[in-house]
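Undergrad: following is a predicted model, sequence given first.
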Amino acid sequence: MTPLAYHEPESLDRALRLLADIEGARCIAGGQTLVAMLNAGLVEPPALVSLARIAELATIARGPGGALRIGATVTHEAVTESDDVARNFPLIAQAARAIAHPAIRSFGTIGGAVAHGDPNADYPAALVASDAVIEIASGGRRRSVPAGEFFRDYLTTALEPGEIVVAVVIPAPPVGARGLYLKFARVDGDYATLSVAALLARKDGACTHLAVALGSAGSVPVRDRNAEKKRIGKKLDDAAIAELGAALAARCDPVDDVRGSSAYRRGLVPGLVAKTLKILSA
Amino acid sequence: MQVELNVNGEQASLMLDARQTLLDALRVQLGLTGTKLGCNQGVCGACTVLIDGKPARSCLVLAAGCGGRKIVTIEGIADGAKSSAVQQAFIETGAVQCGYCTPGMILTAEALLRKRKRPGLDEIREAMSGNLCRCSGYAKIIDAVKLASERVPA
């Protein structure tokens, strides 16, 4: 085996330059997925560029319009411990809290979870339901991609070679919105068999905002914006909830694996969507 | 590559391959074999250590990234010949069967009790849920953590 080069730059510019200069170099943040892949021999990069010592990637801050900007190397633990996130972005806090176990949450990062693009992970559905935007940088340019377009396929994202995720920006939820991340899993800390991420705001009983995304329901988070739009200005009664659940079930394409068959997961959709929306509208 | 590790309060300068996990460096270079290799995928928790006071899967952390961080392993939590409160509670409740998961269990419990002085039973169960015991001796392990938590000065 050729030795693996390891770099720990202290600035983002230096990290991006290293990633541009070394062909096949991978960046590493918390390592909770990448090191497991290295251990299993699934990846053999010539060099690793650690993002762990780049201070500007490790901050949570509010930006224009009250949007929450979470730096790429912010750990799941840090997100769960932020009072601002808990109070004002409960959907994000709950998704972070649902990820694996304390030892994983103290190292795993939001940037890593997003860049890995695993539709069975907890953040992707929560970010799609929150209309989050992924900030991306490479040596030459910066760009932003909505979460709904960032996740392209199983473990496949909009990231191009040399690009890294630098932050995730979550717009302030609409006034009066409530958020919930409901995860159905075999045991605590496992990947979801199915998960539902939802944001709901109502005025005088009528929906003013509705977003529902499913995790572990296909190669990317599943959302039906047309079905959501139909509810705006109307009440969210049992029939409407059932219609939305049916629309999402028809749209999802889950895998068959040890956590459940495809048919079983699809069968869970209407019930878990209904449970989520009933809690949010209670 | 050369890496300076601080393990159980002692400084060590190691020649490592950047591919080496902290688990591997602890066991092979430093001979600290109390930290166990289970799945090598972050699932079982047998390799749990503390890094800067936080519980960590040492199989999912590259040793190369641990320069300047404080690492505590099972060999470093007793106070000389006196067992730590968690170790003592594991002994008294008989929370050890084959013993393979025990170091990881103890470090995970240690991390919990450093963060939460009086965790409830549900909190203990949740915190320990990432550590697998293939003897399935969970009931006594939970009892041990509960007992240790009651002895930690408030």
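TA: Perfect, thanks for sending it.
Undergrad: and A:Leu214, helix, strand or coil?
TA: Secondary structure, DSSP: H, G, I helix; E, B strand; the rest coil: A:Leu214 is strand.
Undergrad: return the residues in contact with it.
TA: Counting by C-beta atoms under 8 Å, 6 or more residues apart in numbering or on different chains, A:Leu214 touches A:125, A:194-197, A:221-223, A:248, A:252, A:269, A:273. Heads up, the C-betas are built off the backbone N, CA and C, glycines and all.
Undergrad: wouldn't A:Phe107 be in contact with A:Thr33 here?
TA: No: contact criterion C-beta atoms under 8 Å: A:Phe107 and A:Thr33 do not qualify, at 10.5 Å.
Undergrad: which residue ranges of the stretch 51-200 of chain A form helices?
TA: Counting by DSSP state H, counting those that start in this stretch, the stretch 51-200 of chain A has helices at residues A:76-81, A:83-88, A:90-97, A:102-105, A:110-116, A:123-129, A:147-150.
Undergrad: as a markdown table, those with mean pLDDT and distance to chain B would be great.
TA: A markdown table is the format used below for the helices of the stretch 51-200 of chain A (pLDDT from 0 to 100; distance: least, C-beta to the nearest C-beta, whole Å):
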| stretch | mean pLDDT | distance to chain B |
| --- | --- | --- |
| helix A:76-81 | 98 | 7 |
| helix A:83-88 | 97 | 16 |
| helix A:90-97 | 98 | 10 |
| helix A:102-105 | 95 | 4 |
| helix A:110-116 | 98 | 11 |
| helix A:123-129 | 98 | 17 |
| helix A:147-150 | 98 | 25 |
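Undergrad: still on that earlier bit, weed out the non-buried ones from the contacts of A:Leu214.
TA: A:125, A:194-197, A:221-223, A:248, A:252, A:269, A:273 (16 or more other C-beta atoms under 10 Å in any protein chain shown).
Undergrad: just send the helices of the stretch 51-200 of chain A back as TSV, with distance to A:Leu280 too.
TA: Shown next, in TSV, are the helices of the stretch 51-200 of chain A (distance: least, C-beta to C-beta, whole Å):
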stretch	distance to A:Leu280
helix A:76-81	20
helix A:83-88	16
helix A:90-97	10
helix A:102-105	25
helix A:110-116	24
helix A:123-129	12
helix A:147-150	20
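Undergrad: give me whichever of those helices is most buried.
TA: Neighbour counts (mean count of other C-beta atoms under 10 Å in any protein chain shown) averaged over each of these peak at helix A:123-129, with a mean of 30.
Undergrad: re earlier: same drill for A:Phe107 and A:Thr33, tell me which one is more crowded.
TA: Counted by other C-beta atoms under 10 Å in any protein chain shown, A:Phe107 and A:Thr33 do not tie: A:Phe107 has more neighbours, with 25 against 22.
Undergrad: and that one, how close does it get to chain B?
TA: Distance, A:Phe107 to chain B, by C-beta to the nearest C-beta, to the nearest Å: 6 Å.
Undergrad: pLDDT at A:Gly189, what is it?
TA: Model confidence at A:Gly189, expressed as pLDDT, equals 88.
Undergrad: tell me which residues touch the residue nearest to it when sequence neighbours are not counted, please.
TA: Spatially, and ignoring its direct neighbours in sequence, A:Gly189 is nearest to A:His101 (4.7 Å; C-beta to C-beta, 6 or more residues apart in numbering or on different chains). A:His101 is in contact with A:189, B:45, B:129-130, counting by C-beta under 8 Å, 6+ apart.
Undergrad: with secondary structure and neighbour count added, can I get the residues you listed in JSON lines?
TA: As requested, those are arranged in JSON lines below (DSSP: H, G, I helix; E, B strand; the rest coil; neighbours: other C-beta atoms under 10 Å in any protein chain shown):
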{"residue": "A:Gly189", "secondary structure": "coil", "neighbour count": "18"}
{"residue": "B:Gly45", "secondary structure": "coil", "neighbour count": "29"}
{"residue": "B:Ser129", "secondary structure": "coil", "neighbour count": "18"}
{"residue": "B:Gly130", "secondary structure": "coil", "neighbour count": "23"}
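Undergrad: show me where chain B has helices.
TA: B:22-24, B:85-93, B:102-115, B:121-128, B:138-151 (DSSP state H).
Undergrad: check contacts around the residue most central in space within chain B.
TA: By C-alpha atoms, centre = their mean, the mean C-alpha position of chain B lies nearest to B:Leu107, the distance being 2.9 Å. Neighbouring residues of B:Leu107 by C-beta under 8 Å, 6+ apart: B:48-50, B:55, B:72-74, B:77.
Undergrad: need those in CSV with neighbour count, pLDDT and distance to A:Pro174, can you?
TA: As requested, these are exported to CSV (neighbours: other C-beta atoms under 10 Å in any protein chain shown; pLDDT from 0 to 100; distance: C-beta to C-beta, whole Å):
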residue, neighbour count, pLDDT, distance to A:Pro174
B:Thr48, 32, 98, 41
B:Val49, 31, 98, 44
B:Leu50, 24, 98, 42
B:Pro55, 29, 96, 37
B:Val72, 20, 98, 46
B:Thr73, 24, 98, 49
B:Ile74, 23, 98, 50
B:Ile77, 19, 96, 49
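Undergrad: so which of those residues are also by chain A?
TA: With C-beta under 8 Å from any C-beta of the partner chain as the criterion, those include B:48, B:55 near chain A.
Undergrad: narrow the contacts of B:Leu107 to those in strands?
TA: When those are checked against strands (DSSP state E), the matches are B:48-50, B:55, B:72.
Undergrad: which among the residues you listed gets closest to A:Leu4?
TA: A:Leu4 lies nearest to B:Val49 out of the ones in strands among the contacts of B:Leu107, by C-beta to C-beta, at 22.1 Å.
Undergrad: and the closest one, bridged to which residues?
TA: Using DSSP bridges, the bridge partners assigned to B:Val49 are B:Ala56.
Undergrad: is it in contact with B:Thr73, as I believe?
TA: Yes: between B:Val49 and B:Thr73 there is a contact at 5.0 Å, judged by C-beta under 8 Å.
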